[in-house]
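Asker: All I have is the shape, not the residue letters:
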């Protein structure tokens, strides 16, 4: 009986020693100088993005949380932004860009690594990093802005559908697909596009240390391969994600093999139960409530946001 008690006691002692040793190992590992890897995948949109079982897509809430975590993490000396995005909304790209400025101001080294595509809004984000790495076949560029618009009036007439709106002003339903735009409205929209375009040019000129006139020559909306972009001065180096990570480590003065730290890739539990409002439960309840509410006065803009794609 005494042997049995001794064996149990020794087992418990060994377990406690292993737990304490593991805790100290993890604590010491956390103090190792690391490189944060943050992914920008898919269309860049504001808020929680395109929720699902495997993550938040290009939603700025998730991206910004990760950038802020890297900024506040004392063990992180450098950050690599891995971009696989065709672009997205202008305000969403701006939000991410502003957080990258704060990240760089905190003293962290910030490199961009372009994957298959890093165009328009994706390039906006890359331009605000210290250096940009791309593959020779990466699709990038597409520096420009557009606001989508479709006129379905004739189609609706053919199927006998007509609509009426009670609006607060003559331009409240501007860009509505149920009627053509007036010339004045076209001028208003063009002014918006031109203003956003100049903001984009200013970001590229500042980030790439390039004359705005030179940026405008490159920024006619066309896309470039990674190799063409490097020749044009829009990209710094040809290289893979691994190349970008090693270069960031060297610039930050991290010796040896870089240790990567990834933030916030949500899994099954978060997708189902939150915090994303685009979780499965959130989507189901939202659709249910929407169906119960019926028609409500709308304050949202009738067309899509300005697109950096």
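Answerer: Yep, that arrived. Treat the numbers as computed from the prediction; the structure is a model and nothing was measured.
Asker: need the strands for this protein, in chain order.
Answerer: Counting by DSSP state E, residue ranges of the strands within the chain are 34-41, 44-45, 58-59, 76-85, 88-89, 109-119, 131-134, 139-141, 223-225, 237-238, 259-262, 307-308.
Asker: Out of those, which gets nearest to residue 177?
Answerer: The minimum distance between residue 177 and the strands of the chain falls on strand 307-308, with 16.2 Å, by Cβ to Cβ. Just so you know, the C-beta spots here come from the backbone N, C-alpha and C atoms, and that holds for glycine as well.
Asker: What mean pLDDT does the closest one get?
Answerer: For strand 307-308, mean pLDDT is 60.
Asker: circling back: could you say which one of the strands of the chain comes nearest to residue 198?
Answerer: Ranking the strands of the chain by their distance to residue 198 (criterion: Cβ to Cβ) puts strand 307-308 first, at 13.3 Å.
Asker: neighbours of the residue nearest to residue 218 when sequence neighbours are not counted, just the number please.
Answerer: On the basis of Cβ to Cβ, 6 or more residues apart in numbering, the spatially nearest residue to residue 218 that is not a chain neighbour turns out to be residue 232, at 5.6 Å. For residue 232, the neighbour count with other Cβ atoms under 10 Å is 16.
Asker: Run through the protein and note the low-pLDDT ranges.
Answerer: Flagging of the chain using pLDDT under 70 yields the residue ranges 1-31, 49-58, 264-309.
Asker: what ranges do the helices span in it?
Answerer: Using DSSP state H, the helices of the chain run over 2-30, 60-72, 90-105, 121-127, 153-158, 183-207, 212-218, 226-232, 241-252, 268-273, 280-293.
Asker: Give me the contacts around stretch 236-246.
Answerer: Identification of contacts with stretch 236-246 by Cβ atoms under 8 Å, 6 or more residues apart in numbering yields 35, 37, 80, 82, 111-113, 115, 131-136, 226-227, 230, 247, 258, 260.
Asker: and with 10 Å instead?
Answerer: Residues from elsewhere that reach stretch 236-246 (Cβ atoms under 10 Å, 6 or more residues apart in numbering): 35, 37, 78, 80-82, 111-115, 126, 129-136, 138, 208, 226-227, 229-230, 247, 254, 257-258, 260.
Asker: Now the buried members of these.
Answerer: Neighbour-count burial within the contacts of stretch 236-246 applies to 35, 37, 78, 80-82, 111-115, 126, 129-135, 138, 208, 226, 229-230, 247, 254, 258; the criterion is 16 or more other Cβ atoms under 10 Å.
Asker: Contacts only, for residue 131.
Answerer: 109-113, 235-237, 239, 244, 247-248, 251.
Asker: if I look at it, how far off is residue 91?
Answerer: Counting by Cβ to Cβ, to the nearest Å, the separation of residue 131 from residue 91 is 26 Å.
Asker: cool, residue 74 as well?
Answerer: As defined by Cβ to Cβ, residue 74 lies at a distance of 31 Å from residue 91.
Asker: Quick check on these two: which one has the bigger neighbour count.
Answerer: Using other Cβ under 10 Å, the more surrounded residue of residue 74 and residue 91 is residue 91, with 16 against 8.
Asker: I figured that one was touching residue 145, is that so?
Answerer: No - taking Cβ atoms under 10 Å as the contact criterion, residue 91 and residue 145 are not neighbours in contact, 11.6 Å apart.
Asker: Make JSON lines out of the contacts of residue 131 and add distance to residue 149.
Answerer: Compiled in JSON lines, the contacts of residue 131 are given as follows (distance: Cβ to Cβ, whole Å):
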{"residue": "109", "distance to residue 149": "42"}
{"residue": "110", "distance to residue 149": "36"}
{"residue": "111", "distance to residue 149": "37"}
{"residue": "112", "distance to residue 149": "32"}
{"residue": "113", "distance to residue 149": "35"}
{"residue": "235", "distance to residue 149": "32"}
{"residue": "236", "distance to residue 149": "37"}
{"residue": "237", "distance to residue 149": "39"}
{"residue": "239", "distance to residue 149": "40"}
{"residue": "244", "distance to residue 149": "38"}
{"residue": "247", "distance to residue 149": "43"}
{"residue": "248", "distance to residue 149": "41"}
{"residue": "251", "distance to residue 149": "44"}
